[in-house]
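Trainee: no sequence on this one, just coordinates:
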C-alpha cells in the first residue's frame, strides 16, 4: 500500500508539553527539538487528533533499518518522559 500524504507538523502545545516531560526525565535545560514534519503513522493519525513525537538516539544515526539500535538507558529515559507526558496531558484536561 502506498500513501501520498503531506508531512504533518507536530502540535506546538503538545510539543511544549513533551519538552517539559523530557526536561524532567533527563534533567536537561533545553531538550533538542527536530524541525521536521511527521511521516508514517503520524500523517494518518493527525487527521484524528493533534500529535507530537519523541525520538530516541540511534547508534550511528541509523533509523528505520534492521541495524537500528538504541541504548537501554535511552529507552528508560524515553519511558519516563512518555509517562510524565501522559500524566501532564491528563492533568491539563480537555
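Mentor: Ah, there it is. The model shown is predicted, which means the values in this text are computed figures rather than measured ones.
Trainee: so where do the helices sit in this protein?
Mentor: With DSSP state H as the criterion, the chain has helices at 12-26, 41-45, 72-92.
Trainee: mean pLDDT for these: which is lowest?
Mentor: Here the lowest mean pLDDT among the helices of the chain goes to helix 41-45, at a mean of 77.
Trainee: Now find how far off-centre that one is within its chain.
Mentor: The chain centroid and the centroid of helix 41-45 are separated by 13 Å under CA atoms, centre = their mean, to the nearest Å.
Trainee: what sits up against that helix?
Mentor: The contact list for helix 41-45 (CB atoms under 8 Å, 6 or more residues apart in numbering) reads 3, 5, 6, 7, 8, 10, 51, 53. Glycine gets a C-beta too; all of them are placed from N, C-alpha and C.
Trainee: Next: stretch 23-30.
Mentor: Under CB under 8 Å, 6+ apart, the answer for stretch 23-30 is 22, 31, 77, 78, 80, 81, 84.
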